[in-house]
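Novice: Dropping a prediction and its sequence here:
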Protein chains: 2
Amino acid sequence: MSGSEIRRTMPLFPIGIVMQLTDLTARQIRYYEEHQLISPARTEGNRRMFSLNDIDLLLEIKDLIDQGVNLAGIKQLFAVKEKEVVTEEMEKEAKKVRRELSDDELRRILRAEMMQAGRFNRSSLRQGDMSRFFKS
Amino acid sequence: MSGSEIRRTMPLFPIGIVMQLTDLTARQIRYYEEHQLISPARTEGNRRMFSLNDIDLLLEIKDLIDQGVNLAGIKQLFAVKEKEVVTEEMEKEAKKVRRELSDDELRRILRAEMMQAGRFNRSSLRQGDMSRFFKS
DNA sequence: AAAATCATGTAATATAACCTAACATCTGTT
DNA sequence: AACAGATGTTAGGTTATATTACATGATTTT
């Protein structure tokens, strides 16, 4: 969290740069947002700011569009992938928890969590793809 | 060199983002440019666009400023560092050349070059030779 | 075939972000 | 006190992006 680490979820790029990086038009990018394939952050002044992850998504969208998939299809694909990621995370977390907690502690906590009936926050475990973009 | 690779020298960030990333004010950033500590690219519309390298430089500048070094000092430090980089590259290149050429080839080439030394304009020859030391 | 839908283009208008330049302020040095 | 270095502030101008509405070509549905 110190000053200069660039996270892949950090909103860094204005739409103009994203256009260059992805070869999409502003119209397309906004359209994909409108249809909830991406959700870039906004500045105070309401400008969209895109993260490296957003750019990754846009590149995937572009690929799929080029392959003839329509937006609804892309949305489904993303949903599946998201689910995969989430279950991976849950498994990882479960493993960790099993390592750290005894069984009855676990039962106690699970009960408490069910009472609370909240949804979990999906944190960002979405790394890897982008490393190929950095050349040195 | 395909569309979407992100190089460290690629101009990506507008000044607003650089402010956040470096904790410098726009005034400071422009001032450092004015004094040639950085030279960010410009868009068609004359906006500054900064690369990851630029940001690194700005962070170094900030560190040095915080340590009490003034801009003249920073400029000197950067010059020294640049010189180091260049000599490193020259050494690397020299090593490569030595690997690639046998001794007598080397002697032959040297002799040929000395014969020609007077005839053509030396400085431009030397410049041509140097060009391969710079990576862009 | 006509109508509807999808993906994108284009135009109009508003405003946020950036530009340069000038002047102001603070601090440390001569 | 006067000066130079570094930064803040303000003003007026330009560029990039925002939203909205309408247009268009390609598919899909009726």
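Specialist: Right, received. Where do you want to start? Residues are numbered from 1 along each chain as shown, chains lettered A, B, ... in the order given.
Novice: Spell out, range by range, the strands that occur in chain A.
Specialist: A:13-14, A:41-42, A:48-50 (DSSP state E).
Novice: Identify whichever of these lies nearest to A:Met90.
Specialist: Between A:Met90 and the strands of chain A, the shortest separation by Cβ to Cβ is 26.2 Å, and it involves strand A:41-42. Yep, even glycine has a C-beta here, placed from its N, CA and C like the rest.
Novice: so what strands line up beside that closest one?
Specialist: strand A:48-50 (antiparallel) (DSSP bridges).
Novice: does chain B sit close to stretch A:33-40?
Specialist: No: Stretch A:33-40 stays clear of chain B (Cβ under 8 Å from any Cβ of the partner chain), getting no nearer than 13.5 Å.
Novice: again with stretch A:60-71
Specialist: No: applying Cβ under 8 Å from any Cβ, one finds stretch A:60-71 separated from chain B by no less than 9.5 Å.
Novice: For A:Glu91, grab the count of nearby residues.
Specialist: Neighbours of A:Glu91 under the rule other Cβ atoms under 10 Å in any protein chain shown: 10.
Novice: right, so of the strands of chain A, which gets closest to A:Asn70?
Specialist: Nearest to A:Asn70, of the strands of chain A and by Cβ to Cβ, is strand A:48-50 at 22.6 Å.
Novice: Show me which positions of that closest one end up buried.
Specialist: A:Arg48, A:Met49, A:Phe50 (16 or more other Cβ atoms under 10 Å in any protein chain shown).
Novice: can you tell me the average pLDDT over that strand?
Specialist: In this model, strand A:48-50 has an average pLDDT of 95.
Novice: and the lengthiest helix in chain A, anywhere near DNA strand D?
Specialist: Scanning chain A for the longest helix, with DSSP state H as the assignment, gives helix A:71-100. No: remark: helix A:71-100 sits outside contact range of DNA strand D, by Cβ under 7 Å from any atom of the strand, the gap being at least 10.7 Å.
Novice: Okay, now the unreliable bits of chain A?
Specialist: A:1-5, A:94, A:97-136 (pLDDT under 70).
Novice: Spell out which residues of it are next to DNA strand D.
Specialist: Counting by Cβ under 7 Å from any atom of the strand, chain A sits next to DNA strand D at A:Pro14, A:Ile15, A:Gly16, A:Ile17, A:Met19, A:Ala26, A:Arg30, A:Asn46, A:Arg47, A:Arg48.
Novice: residue contacts, the nearest residue to the fourth one once chain neighbours are set aside?
Specialist: Looking back up the chat, that one is A:Ile17. Using Cβ to Cβ, 6 or more residues apart in numbering or on different chains and skipping residues adjacent in sequence, the residue nearest A:Ile17 is B:Leu12, 5.6 Å away. B:Leu12 is in contact with A:Leu12, A:Phe13, A:Ile17, B:Ile6, B:Met49, B:Phe50, B:Ser51, B:Leu52, counting by Cβ atoms under 8 Å, 6 or more residues apart in numbering or on different chains.
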